[in-house]
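*Asks:* Okay, predicted coordinates and the sequence, questions at the end:
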2 protein chains.
Amino acid sequence: MITRVNHIAIAVPNLELASATYRKLGVTVSEPQELAEHGVRVSFMEFENLKLELVEAFGDGSPIQRFMEKNPGGGMHHVCFDVEDLGAAVSDLRESGIRVLGSGEPKIGAHGNPVVFAYPSDLFGVLTEFEQVSTTESPPH
Amino acid sequence: MITRVNHIAIAVPNLELASATYRKLGVTVSEPQELAEHGVRVSFMEFENLKLELVEAFGDGSPIQRFMEKNPGGGMHHVCFDVEDLGAAVSDLRESGIRVLGSGEPKIGAHGNPVVFAYPSDLFGVLTEFEQVSTTESPPH
């Protein structure tokens, strides 16, 4: 069900500082995007094979607020896998005894695609996102 | 200096259990390798664009022992970047105020290539490995 690693997210206390640091190391880092409805600001570090997402808490009740309280200096926050069929992925997860956060109904994630998250405690301490990535340029009619 | 993400390591309490779980999700996971001199056992999960390394402590004084004491269920342990020239990378890190663990002299890592690690506290809580990956089949004469 899993085809590739979509991204790895690193939570940081200050997006501009983190971006500047990685730029000094020669990494291309995108300008910050404010995703108010997701409670985060993000920038992407571009590597040949993968994007690393820098994430900063935004506004009240950010989903990364608790992580930042435990890890004020930042840290690796989650891994996201591409899947072809999110409904099938949720079934596979449940059959394997891996719980899905919330109702299990996919939500629209920060990149505009349907996503679910699995419980970290069911996947060896790793908060894991599964994202259904469209394989065509336009949705089917 | 950084070209691509070499791997992400996930520390787990039981390599066989973690491998079995990811195999149930359709991931190809390699057989465990015992790297006694590095104090770990490892398996690799293969994705189209990246390998994720599952790491279990092995023997006394494993380098991941302290991490496992803090995170007994496991967790994301480190990220490793490919660099073309490790000496230049160490200079760049130092010029950016990022400290390198130990003397700064590269050591031979778990994959047989020279590596250095940077202090997590200097890179937003992320233990970061830099690996010089040979771009030719055989070393130069």
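*Replies:* Arrived safely.
*Asks:* rest of the way, CA atoms for contacts and neighbours
*Replies:* Noted.
*Asks:* what about residue A:124, is that helix, strand or coil?
*Replies:* What DSSP: H, G, I helix; E, B strand; the rest coil gives for residue A:124 is coil.
*Asks:* Can you tell me the closest non-neighbouring residue to it?
*Replies:* residue B:74 (4.8 Å; C-alpha to C-alpha, 6 or more residues apart in numbering or on different chains).
*Asks:* and that neighbour, how far is that from residue A:132?
*Replies:* Per C-alpha to C-alpha, to the nearest Å, residue B:74 is found 26 Å from residue A:132.
*Asks:* Now do the contacts for the residue nearest to residue A:124.
*Replies:* A:124-126, B:10-13, B:68 (C-alpha atoms under 8 Å, 6 or more residues apart in numbering or on different chains).
*Asks:* Looking at the residues you listed, which one is closest to residue A:6?
*Replies:* Comparing the contacts of residue B:74 against residue A:6 with C-alpha to C-alpha places residue A:126 closest, at 14.9 Å.
*Asks:* isn't that closest one right next to residue A:120, touching?
*Replies:* Yes: using C-alpha atoms under 8 Å, residue A:126 makes contact with residue A:120 at a distance of 4.6 Å.
*Asks:* Pick out whichever of those two has more residues nearby.
*Replies:* Counted by other C-alpha atoms under 10 Å in any protein chain shown, residue A:126 and residue A:120 do not tie: residue A:126 has more neighbours, with 23 against 20.
*Asks:* residues in contact with that one?
*Replies:* A:77-79, A:119-120, B:10, B:74-76.
*Asks:* so residue A:6 makes contact with residue A:53?
*Replies:* No: between residue A:6 and residue A:53 there is no contact under C-alpha under 8 Å: 10.1 Å.
*Asks:* still on that earlier bit, give me the subset of the contacts of residue A:126 lying in strands.
*Replies:* When the contacts of residue A:126 are checked against strands (DSSP state E), the matches are A:77-79, B:10, B:75-76.
*Asks:* Now compare these and name the two farthest from each other.
*Replies:* So, the ones in strands among the contacts of residue A:126 by C-alpha to C-alpha: farthest apart are A:77 and B:10, at 12.2 Å.
*Asks:* Give me the sheet partners of the lowest-mean-pLDDT helix or strand in chain A and which way each runs.
*Replies:* Least confident helix or strand, chain A: strand A:107-108 with a mean of 90, by mean pLDDT, DSSP states H and E. Using DSSP bridges, the strands paired with strand A:107-108 are strand A:114-118 (antiparallel).
*Asks:* Tell me if I'm right that residue A:96 and residue B:21 touch.
*Replies:* Yes: between residue A:96 and residue B:21 there is a contact under C-alpha under 8 Å: 7.2 Å.
*Asks:* So if I had to pick from those two, which one is more boxed in?
*Replies:* Under the criterion of other C-alpha under 10 Å, the comparison of residue A:96 against residue B:21 puts residue B:21 first, with 20 against 14.
*Asks:* Pull the contacting residues for that one.
*Replies:* Residue B:21 touches residue A:96, counting by C-alpha under 8 Å, 6+ apart.
*Asks:* What is the distance between stretch A:59-79 and the centre of its chain?
*Replies:* Taking C-alpha atoms, centre = their mean, to the nearest Å, one finds the center of stretch A:59-79 at 12 Å from the center of the full chain.
*Asks:* repeat for stretch A:52-67
*Replies:* That offset, for stretch A:52-67, works out to 11 Å (C-alpha atoms, centre = their mean).
*Asks:* which residues are contacting it?
*Replies:* Against stretch A:52-67 from outside (C-alpha under 8 Å, 6+ apart): A:7-15, A:18-19, A:34, A:36, A:38-46, A:77.
*Asks:* quick revisit: tell me which two of the contacts of residue A:126 sit farthest apart.
*Replies:* A:119 and B:10 (15.4 Å).
*Asks:* more neighbours, those two?
*Replies:* Between residue A:119 and residue B:10, counted using other C-alpha under 10 Å, the more crowded position is residue B:10 (21 against 17).
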